[in-house]
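Engineer: Sequence first, then the predicted structure, then my questions.
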Amino acid sequence: QVHLVESGGGLVQPGGSLSLSCAAAGNIFRIKAMGWYRQAPGKQRELVAITTSDGSITQADSVKGRFNISRDNAKNTVYLQMNSLRPEDTAVYYCNVVERRFVLGTWIDFTSWGQGTQVTVSS
């Protein structure tokens, strides 16, 4: 089972920056993807950015040019650097890890979620 420990987040003024980190621990076999989702009050959870084991990155259009996702494979840690923050970025941010395991002759993806960390952008 993969255990995710998130850190970072908090309160920042519009235009400011924050960084998040998420470390995966436990009996990890192979991580397929690591990334971040967010959920604002009254809205569905949405993808922010995710990076796969081959180095490809997918980002929401709303954060392109402002957020940067990076990953340290040796530490099983993913980071999210958030710049030029806007009030609409306010949400609970969740770390997401997809682990691939070989079970009974088949590769199966297992998804784990962090506990969530609050990011509030307000003056």
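Structural biologist: Sure thing, it's come through.
Engineer: Tell me where the chain has helices.
Structural biologist: Counting by DSSP state H, one finds no helices in the chain.
Engineer: any weak-confidence spans in the protein?
Structural biologist: Applying pLDDT under 70 to the chain flags no residue at all.
Engineer: Report the contact partners of the nearest residue to V78 once chain neighbours are set aside.
Structural biologist: Distances taken as C-beta to C-beta, 6 or more residues apart in numbering place M34 nearest to V78, at 3.9 Å, with adjacent residues excluded. Any C-beta I mention is one placed from the backbone N, CA and C, and that applies to glycine too. M34 makes contact with C22, A24, I50, T51, R71, N76, V78, C95, N96, V97, V98 under the criterion C-beta atoms under 8 Å, 6 or more residues apart in numbering.
Engineer: Same question for W36.
Structural biologist: Going by C-beta under 8 Å, 6+ apart, W36 touches 20, 22, 47-50, 69, 78, 80, 93-96.
Engineer: what's the closest of those to V121?
Structural biologist: Checking the contacts of W36 against V121 with C-beta to C-beta, the nearest one is Y93 at 11.7 Å.
Engineer: Could you give the number of residues near S56?
Structural biologist: 9 (other C-beta atoms under 10 Å).
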